[in-house]
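> predicted coordinates and the sequence they were generated for:
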Amino acid sequence: MNSNPDNGLVLGFSETESAAAAVARQLGWKFESVDLHHFPDGESRIRIPELRGNSVIIFRSLDQPNQKLVELLLCVRHLRDAGSATIVLVAPYLCYMRQDAEFTTGEVISQRWIGAWLDELVDGLVTVDPHLHRVHRLEDVLPHTCCGLVSAAPLAGELARRSFVDPVLIGPDKESLQWLQLAARGSPSLDHLVASKTRAGDRQVRLHLPDFDLQNRDVMLIDDIASTGTTLLECARLARDRGARDVKAVVTHALFRDGAIPAGPSQALSDIWSTDSVPHPGNRIRLAGPLAAACSDVLEAISGQRAAPSPR
Ligand code: R5P
């Protein structure tokens with residue numbers, strides 16, 4: 001990994017400062033925190049400390065995204081104006097990826113437009129388990145950006161193995177199959193099954209579990225996102241109805257606000273754990289190492305592209 005502090009700067013924001021600083025340490029880069037003030041009318045004042053080096057990593061998870069997207073635009077334009085030639089966004093949670101189709105007539109396909117906007121804005125993007133379903137590759141969403149992908153699923157699988165003896169992994173919907181299979185891989189591989197889900201509203205989901213004997217088995221639910229928690233709770237209830245002994249969940253992105261999901265020893269779901277992609281008391285998996293490795297790969301790919309002779 002590049003260990004020269006003069007090579008670049010990692011910029012972090014207060015809500016994920018320690019995760020951003022950890023990535024800077026791993027890269028051997030300098031770290032600075034962006035000074036951000038929200039005026040009473042909702043506008044933002046941004047101050048970026050002294051710039052050094054040509055390359056900047058902006059580290060910010062894009063949960064609760066709307067204001068953060070405007071602030072990202074302001075930061076990037078300022079950095080470009082100040083001469084930064086390479087800007088990589090590390091967004092452990094990448095927003096707006098679920099809206100990847102016109103589900104009802106007239107619905108905006110947010111994934112496409114947010115993707116196009118980011119594609120024009122930055123040179124590189126590093127993210128974790130983006131919600132890609134009908135569009136399979138991040139490169140199809142951001143065709144001109146060097147993308148680095150980290151998956152938390154193998155780490156979720158390790159956590160399941162450490163927490164339970166021979167657990168059954170369950171993915172609550174078909175989108176989760178990609179992470180479930182990665183989590184279950186290993187020696188020996190873990191039993192795993194995927195439920196089917198139909199959603200009737202933000203907090204209304206109906207799940208169906210395939211035939212599988214869960215009597216006295218411990219269950220770990222695996223998914224990319226918990227937002228309202230409805231999906232995980234419904235899945236946990238079905239697993240308990242089938243006789244599961246304990247049901248916990250591990251998700252990549254804990255988008256729910258503290259305490260929003262009823263989980264605890266006397267509940268259907270006894271615990272919800274997550275990566276630190278979004279700060280939450282349930283964070284159990286630190287991502288700084290894999291994020292820093294992905295940043296190195298992306299920076300290398302960008303300089304390789306720039307060094308390559310341009311086609312006639
Ligand atoms: C959707 O397909 C995602 O993978 C999650 O299952 C979903 O976002 C969870 O939402 P909620 O927690 O609100 O049920």
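Yep, it's here.
> need the residues of the protein near the ligand, please.
Counting by CB under 6 Å from any ligand atom, the residues of the chain lying close to the ligand are 172-173, 175-176, 205, 223-231. Backbone N, C-alpha and C define where each C-beta goes, glycine included.
> just the ones of those residues in strands?
V205, D223, D224, I225, A226 (DSSP state E).
> can you redo the residues of the chain next to the ligand as a markdown table with neighbour count and pLDDT?
A markdown table is the format used below for the residues of the chain next to the ligand (neighbours: other CB atoms under 10 Å; pLDDT from 0 to 100):
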| residue | neighbour count | pLDDT |
| --- | --- | --- |
| P172 | 28 | 97 |
| D173 | 18 | 95 |
| E175 | 19 | 92 |
| S176 | 25 | 95 |
| V205 | 19 | 96 |
| D223 | 24 | 97 |
| D224 | 26 | 96 |
| I225 | 23 | 96 |
| A226 | 29 | 95 |
| S227 | 18 | 93 |
| T228 | 17 | 92 |
| G229 | 21 | 92 |
| T230 | 19 | 94 |
| T231 | 24 | 95 |
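> can you list those in TSV and add distance to Q26?
Formatted as TSV, the residues of the chain next to the ligand follow (distance: CB to CB, whole Å):
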residue	distance to Q26
P172	33
D173	34
E175	31
S176	29
V205	38
D223	27
D224	24
I225	26
A226	27
S227	30
T228	34
G229	32
T230	36
T231	33
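> which stretches of this protein form helices?
17-27, 65-81, 110-121, 138-141, 153-163, 177-184, 230-241, 288-307 (DSSP state H).
> what are the buried residues along the second one?
Burial within helix 65-81, assessed by neighbour count using 16 or more other CB atoms under 10 Å, is assigned to P65, K68, L69, E71, L72, C75, V76, L79.
> among these, find me the one that's closest to P210.
Nearest to P210 out of those is P65 (CB to CB; 34.5 Å).
> any idea how far L72 is from the closest one?
9 Å (CB to CB, to the nearest Å).
> flag the shaky bits of the stretch 151-300 of the chain, pLDDT-wise.
Scanning the stretch 151-300 of the chain with the threshold set as pLDDT under 70 gives 258-259.
> and stretch 188-207, what's buried?
Under the neighbour-count criterion of 16+ other CB under 10 Å, stretch 188-207 has L190, D191, H192, L193, V194, A195, K197, V205, L207 buried.
> let me fix that, I meant to ask about stretch 243-255.
A244, D246, V247, K248, A249, V250, V251, T252, H253, A254, L255.
> need those residues in TSV (columns: distance to V135).
As requested, the buried residues of stretch 243-255 are exported to TSV (distance: CB to CB, whole Å):
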residue	distance to V135
A244	34
D246	36
V247	31
K248	31
A249	26
V250	25
V251	21
T252	18
H253	18
A254	24
L255	20
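> which among those gets closest to L51?
Taking CB to CB as the measure, L51 lies nearest H253 of the buried residues of stretch 243-255, at 30.4 Å.
> would you check that the closest one makes contact with L62?
No: counting by CB atoms under 8 Å, H253 does not reach L62; the two are 10.1 Å apart.
> common neighbours of those two, please.
Shared contacts of H253 and L62 (CB atoms under 8 Å, 6 or more residues apart in numbering): Y93.
> what lies in contact with stretch 15-28?
Here stretch 15-28 makes contact (CB under 8 Å, 6+ apart) with 1-5, 7-8, 10-13, 30-31, 33, 57, 59-61, 90, 92, 276, 279, 286-289, 291-293, 295-296.
> give me phi/psi at R60?
The phi/psi pair for R60 (degrees, to the nearest 10) reads phi -160, psi 130.
> got the contact list for it?
Residues near R60 by CB under 8 Å, 6+ apart: G12, F13, T16, A20, K68, L72, L89, V90, A91.
> what pairs with the last one across the strands?
What that stands for is A91. Beta bridges link A91 to T127 when assigned by DSSP bridges.
> what about S110, neighbour count?
Residues lying near S110 (other CB atoms under 10 Å) number 15.
> same check on A236?
With other CB under 10 Å as criterion, A236 counts 27.
> spit out the contact partners of it.
V219, L221, V247, A249, Q267, A268, L269.
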